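Visitor: The following comprises the amino acid sequence and a computationally predicted model.
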Amino acid sequence: MKMVYALCALVAVILIVVVYVAISNASTPTVATGDTVEVYYTGTLTNGTVFDSNVGKQPLQFTVGSGQVIEGFDQGVIGMKLNETKTITIPANQAYGEVNPDLIITVPISEFANQSVTKGMVVTENANGQQVQGTVIAVNATNATIDFNSPLAGQTLIFKITIAGIQKGQ
């Protein structure tokens, strides 16, 4: 008889645990397209170099699927839960794209008026009504070569992301 009571008690405990887990998982929202999320992130290159982080600062807020962040980041948060942390790897074609050779131009030094031009210098140009930034990648006596690609173009990016807030979309 004692064995029957012990078996019934064990079955009851197992049922309570199963119901608790089911309710806990059902009440934890997961990120979906259209939700507005707040995230903390650290972005690194494949060699481990950190290129950006907001840890210890304000979280990044964006609406998933709206194009406010790079495609791979947008897709990477879908399905995550509040306070969940995960690491995602984003190939260049889902980040800042491949390096576009058409965005690397050579201009005469005379275009810089009396300004000295040095390798690594950042320049701003008006193109199609928008200001774009480029980096001088080479200089000789007569010309400067400027790369208007994003500095992260052609790079695989690795992000450690933590979901700090989820506001469900309509």
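Guide: Now that the structure is in, tell me what you want to look at.
Visitor: Please report the distance of the residue most central in space within the chain from F112.
Guide: Geometric centre of the chain, nearest residue: F73, 4.0 Å, by CA atoms, centre = their mean. Using CB to CB, to the nearest Å, one gets 36 Å for the distance from F73 to F112. Quick note: C-beta positions are derived from backbone N, CA and C, even for glycine.
Visitor: One more: P59?
Guide: When distance is defined by CB to CB, P59 is 40 Å away from F112.
Visitor: which residues of this protein fall in helices?
Guide: Ranges of helices within the chain are 2-27, 71-77, based on DSSP state H.
Visitor: can you tell me which of the ones you listed the model trusts least?
Guide: Lowest mean pLDDT within those: helix 2-27, at a mean of 49.
Visitor: what's near enough to touch F62?
Guide: Residues near F62 by CB atoms under 8 Å, 6 or more residues apart in numbering: T36, V37, V39, Q68, V69, D74.
Visitor: can I assume the residue nearest to the centre of the chain is in contact with F159?
Guide: Yes: if you go by CB atoms under 8 Å, F73 and F159 touch, sitting 6.3 Å apart.
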